[in-house]
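Asks: Sharing a model that was predicted from the sequence below.
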Protein chains: 2
Amino acid sequence: MDPIHYDILITNATVVTVNRDFDVIPEAMVAIRADRIVSVGPMPVQGPMPRAAKIIDAAGGIVMPGLVNAHTHLPMTLFRGLADDLPLDRWLNDHIFPAEARHIRAETVGPATLLAAAELLLSGTTCCCDGYFLEDTVAQALATTGLRAVLGQGVIDFPAPGVPDPAGNVAEAAAYADRWLGRHPLIAPAIFCHSPYTCSAKTLVAAKQAANDRGLLFQIHVAETRQEREQMLVDQGKTPVAYLADLGVLDRFTQVVHGIWADETDIGILAASGASLAHCPESSLKLGAGIAPVPAMLNAGIAVGLGTDGPASNNDQNLFGEMDTAAKIHKGISLDPTVMDAATVIRLATIQGAATIGLADQIGSVETGKQADLILIGTARPHLTPLYHPASHLVYAARGADVTHVIVAGRLLVENQRLLSIDGATVMEAVREIAKQLLSF
Amino acid sequence: MDPIHYDILITNATVVTVNRDFDVIPEAMVAIRADRIVSVGPMPVQGPMPRAAKIIDAAGGIVMPGLVNAHTHLPMTLFRGLADDLPLDRWLNDHIFPAEARHIRAETVGPATLLAAAELLLSGTTCCCDGYFLEDTVAQALATTGLRAVLGQGVIDFPAPGVPDPAGNVAEAAAYADRWLGRHPLIAPAIFCHSPYTCSAKTLVAAKQAANDRGLLFQIHVAETRQEREQMLVDQGKTPVAYLADLGVLDRFTQVVHGIWADETDIGILAASGASLAHCPESSLKLGAGIAPVPAMLNAGIAVGLGTDGPASNNDQNLFGEMDTAAKIHKGISLDPTVMDAATVIRLATIQGAATIGLADQIGSVETGKQADLILIGTARPHLTPLYHPASHLVYAARGADVTHVIVAGRLLVENQRLLSIDGATVMEAVREIAKQLLSF
């Protein structure tokens, strides 16, 4: 009989499993074979260590599930820091929309996506949910990186990059989805309607139907600004959430993004529908959009994930920062330091984020049988010393730069903070060249 | 004649000067001789480079003034992550106060201070303003690290570490100050009254007098919680700020910490008095204390610095995170994305922070004649690419871990992210041992 043999064995780790009981296992090891976790438990007190093709000594560091970025716009990495601190209309009309119209093309989206992937991996994100245009190109680029992703082709009733005639927007999204369904083990297509005020009722219903026909996630920005809510009340006599519910597009395959201006009734509607929420606290603060009522949503049983939103409005894609902000902001505005505790926030960034995109049975926790999507955080650093409670450090003290190793589907993508699947220097140089062209306009 | 010769020359940098006009100089160099900046300007287009004992090639990175942490409690680094997510009274009475009573001693404060210094330096802070007990030990430890500091001995009308009899608290603080006045070029003593509700009027007046007699900074927590404000209105018929103003302890040598519950009248009082404010956004959020009205304070002309507060309530001492949070939180609650723009926030973390502790003529900007306290941020990283506006990146995308070099008073303390003046491994091990004892109680 062959001795036990693994592909990867992580030793000497504290494992924050994020299983149902939020078990934290000290002095533990995690064994991986092919794309799966096949064993999680204490190190052997005596006897030989299991054999493995690759052994990673965590040296007392923390293993946790890879982070799930529940909402971003990867190609907008091109516009990171292009314009800040402006009124929303000037930011959009004078900077972002013109830049998108001029510079979002297949030749720019590829490098931008690779750069975003580099940023995500280096800061511990193993799975992201994107929504943008030219998603075919996004998918092709991501497929080379080893990241896991749900990628939604954008639908909007205006001319958009790659979709000059909005009359074809749903058909384009459906065709994209058909090209990617079952094509790559780590990439799932989705359909992303921009919002209830930029898509007609007909578009929303058709897009949702196209998603349902294929078993796809349907994503949509909802109730992001007070103005959106007020305008919808004028135009439709309903809140954005109630409007979407009445159109029949809210169900457990729908991920609502932002939901900042959801009121108590809206929260009840969302909970009853089974729709999930992507909470993007830093982007919503920076744009002056507000703060989503996440504690109330969690109390109502809504699955809530954490997203960074696009780097044009954040300006990074680092979920460690997002965890810290999510934990603190809700305490600060409610004057209650007990809301959004560390374990809750870690769940948002992992298993709940996975739930919002339909992957909670595959990823989001370090458990036997799950996909081997996990990260290692080095703790022998001044800002992580002393270490009393691993969950506390992950939220309140650790940063993306503390991630040393990243594994997705059993494949090592970051080792000792170095990217293994992306040529970072080449990708950065390509994006710098695009940025130069952008500034020359 | 000797050719021009410098001690340190930083080349190929983008310099965010934080001078009066917030000039940003691309392709620049900074020359340092002894403890001072002697030249800041563009690289020579032709002709020889100046000579220097040490040349640091910034390789296109950003040089900015070293960050000024306007408020912290360094020895509380021992309690980082010890207890979180609890109601304030349980956090204090069940965890922090007992831990302080049992574990704050000269033998623990020394290693804790060194650990804090390591964290501060590695994340780009070159000067901190501390307030705690056993400040003699804090000063002795910091004097070995090369950090610049204003260190306030705590005054409180209860028994405290090193001050068992509160009747002697002001005399102890004065004696400490006398021991450190003029003793070390980088360390200035100060007096730190804990708060208007834990110090009697007599204590407050005597402590302020002792500070004034010696030309020292006087620090005090004020209006941190709603409860403090309400209790003061009951007990004194005045807000905490008005109470302190009437006692005569607010002037331009007083740094008010927090000020969260300052109302419009209080802001007017603070502005008229010349007192400054230390804004600690992350700690105040995490404790559920609230959000200080900083935009209104800035409009009133109050000098505002950024502080981390102690690591028991943050849980780090990383001003890059604090800048990001300060820029975003005020936008989010006012629904105005134009408040607290990147330049404003950088000023808070540098020149204005220096102003709150009386050092704005010496530090806080990269200008000829000032003390050479500056940091270098490496920008060849995915999350800092592309780079359109250096100030935007410093606030919204850069993190403490991006700091590669730190210079204080012309001395290189961090080089390529390695500490030169502190043995980080030994210090971390010492604090881990203390943490073990702490947990064994």
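Replies: Nice, I can see it.

Asks: tell me the secondary structure for A:D316?
Replies: coil (DSSP: H, G, I helix; E, B strand; the rest coil).

Asks: Quick check: mean pLDDT of the biggest strand by length in chain A?
Replies: Counting by DSSP state E, the longest strand found in chain A is strand A:5-16. With pLDDT averaged residue by residue, strand A:5-16 scores 97.

Asks: List the residues that contact the nearest residue to A:R226 once chain neighbours are set aside.
Replies: Take A:R226 and drop its neighbours on the chain: the residue closest to it by C-beta to C-beta, 6 or more residues apart in numbering or on different chains is A:W261, 5.7 Å away. Every residue, glycine included, has its C-beta placed from N, CA and C. Counting by C-beta atoms under 8 Å, 6 or more residues apart in numbering or on different chains, A:W261 touches A:223-226, A:228-229, A:239-240, A:290.

Asks: Where does the closest residue to A:E135 other than its chain neighbours fall, secondary structure wise?
Replies: Distance criterion C-beta to C-beta, 6+ apart; nearest residue to A:E135, sequence neighbours excluded, is A:Q153 at 4.1 Å. Assigned by DSSP states H and E, A:Q153 belongs to strand A:148-155.

Asks: Next, the angle from the very next helix or strand once past that strand to strand A:148-155.
Replies: Using DSSP H and E, the helix or strand that follows strand A:148-155 in sequence is helix A:169-180. Orientation of helix A:169-180 against strand A:148-155 (axes from the mean of the first three to the mean of the last three C-alpha atoms, to 10 degrees) gives an angle of 150 degrees.

Asks: what are the ranges of the strands in the stretch 151-300 of chain A?
Replies: Assigned by DSSP state E, counting those that start in this stretch, the strands in the stretch 151-300 of chain A fall at A:187-193, A:217-222, A:254-258, A:276-279.

Asks: Mean pLDDT, distance to B:D7 and mean neighbour count added to these, as CSV?
Replies: Shown next, in CSV, are the strands of the stretch 151-300 of chain A (pLDDT from 0 to 100; distance: least, C-beta to C-beta, whole Å; neighbours: other C-beta atoms under 10 Å in any protein chain shown):
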stretch, mean pLDDT, distance to B:D7, mean neighbour count
strand A:187-193, 98, 54, 26
strand A:217-222, 98, 54, 27
strand A:254-258, 98, 52, 28
strand A:276-279, 98, 50, 29
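
Asks: need those in TSV with distance to A:T137, can you?
Replies: Converted to TSV, those look like this (distance: least, C-beta to C-beta, whole Å):
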stretch	distance to A:T137
strand A:187-193	12
strand A:217-222	18
strand A:254-258	22
strand A:276-279	23
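
Asks: Any chance of those strands in TSV with distance to chain B as columns?
Replies: What follows is the strands of the stretch 151-300 of chain A, written out as TSV (distance: least, C-beta to the nearest C-beta, whole Å):
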stretch	distance to chain B
strand A:187-193	21
strand A:217-222	17
strand A:254-258	13
strand A:276-279	13
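
Asks: Would you mind listing the residues in contact with A:I32?
Replies: Contacts for A:I32 were tallied using C-beta under 8 Å, 6+ apart; they are A:6-10, A:38, A:372, A:407, A:410.

Asks: The residue nearest to A:E135 is in contact with A:C193, isn't it?
Replies: No: the criterion here is C-beta atoms under 8 Å, and A:Q153 misses it with A:C193 at 10.1 Å.

Asks: Just the strands from the stretch 1-150 of chain A, written as ranges.
Replies: Going by DSSP E, counting those that start in this stretch, the stretch 1-150 of chain A shows strands at A:5-16, A:24-33, A:36-42, A:51-57, A:62-65, A:67-72, A:125-132, A:148-155.

Asks: deepest of these, which one?
Replies: Highest mean neighbour count among these (mean count of other C-beta atoms under 10 Å in any protein chain shown): strand A:67-72, with a mean of 31.

Asks: Okay, angle between that strand and strand A:217-222 too, please.
Replies: In terms of direction (the same axes, to 10 degrees), strand A:67-72 departs from strand A:217-222 by 60 degrees.

Asks: Tell me which other helices or strands strand A:67-72 touches.
Replies: Judged by 3 or more C-beta pairs under 8 Å, 6 or more residues apart in numbering or on different chains; DSSP states H and E, strand A:67-72 is in contact with strand A:125-132, strand A:254-258, strand A:276-279, strand A:304-306, helix A:319-334, helix A:353-356.

Asks: so it versus helix A:319-334, what angle?
Replies: Going by the same axes, to 10 degrees, strand A:67-72 makes 70 degrees with helix A:319-334.

Asks: Give the pairing partners of strand A:67-72; include direction for each.
Replies: strand A:125-132 (parallel) (DSSP bridges).

Asks: who's in contact with the residue nearest to A:D157 when sequence neighbours are not counted?
Replies: Closest residue to A:D157 apart from its sequence neighbours, by C-beta to C-beta, 6+ apart: A:P166 at 4.8 Å. Residues near A:P166 by C-beta under 8 Å, 6+ apart: A:156-160.

Asks: what about A:P166, distance to chain B?
Replies: Distance check for A:P166 against chain B: by C-beta to the nearest C-beta, to the nearest Å, it reads 28 Å.

Asks: What pLDDT is listed against that residue?
Replies: pLDDT at A:P166 comes out at 97.

Asks: what does the one 3 residues further on give?
Replies: As summarised for this prediction, A:N169 has a pLDDT of 98.

Asks: shouldn't it be in contact with A:P161?
Replies: No: using C-beta under 8 Å, A:N169 is not in contact with A:P161; the gap is 11.7 Å.

Asks: between the two, who's got more neighbours?
Replies: A:N169 (26 against 20; other C-beta atoms under 10 Å in any protein chain shown).

Asks: mind listing what the closest residue to the more buried one other than its chain neighbours touches?
Replies: Excluding the flanking residues, the one nearest A:N169 by C-beta to C-beta, 6+ apart is A:V155, at 4.6 Å. Contact analysis of A:V155 by C-beta under 8 Å, 6+ apart lists A:169-170, A:173, A:191-194, A:199, A:203, A:207.

Asks: Quick check: the gap between A:V155 and chain B.
Replies: Counting by C-beta to the nearest C-beta, the gap from A:V155 to chain B is 27 Å.

Asks: go on, A:R432?
Replies: A:R432 sits 6 Å away from chain B, going by C-beta to the nearest C-beta.

Asks: hang on, that residue in a helix?
Replies: Yes: counting by three-state DSSP, A:R432 falls inside a helix.

Asks: mind checking pLDDT for it?
Replies: Value listed for A:R432 in the pLDDT field: 97.

Asks: Just give me the neighbour total for it.
Replies: For A:R432, the tally of surrounding residues (other C-beta under 10 Å) stands at 15.

Asks: Now it. Nearest residue, chain neighbours left out?
Replies: Excluding the flanking residues, the one nearest A:R432 by C-beta to C-beta, 6+ apart is B:P386, at 5.7 Å.

Asks: That neighbour and A:A99 touch, don't they?
Replies: No: B:P386 is beyond contact range of A:A99, at 11.7 Å (criterion: C-beta under 8 Å).

Asks: Between these two, which has more neighbouring residues?
Replies: Legend: neighbour count by other C-beta under 10 Å for B:P386 and A:A99, higher for B:P386 (24 against 18).

Asks: Quick check: which element contains the more buried one?
Replies: Of the helices and strands defined by DSSP H and E, none includes B:P386.

Asks: give me phi/psi at it?
Replies: phi -70, psi 180 (degrees, to the nearest 10).

Asks: Pull the contacting residues for it.
Replies: With C-beta under 8 Å, 6+ apart, B:P386 has these contacts: A:78, A:80-81, A:431-432, A:434-435.

Asks: and if you look at A:T338?
Replies: Taking C-beta under 8 Å, 6+ apart, one finds A:331, B:85-87, B:288 in contact with A:T338.
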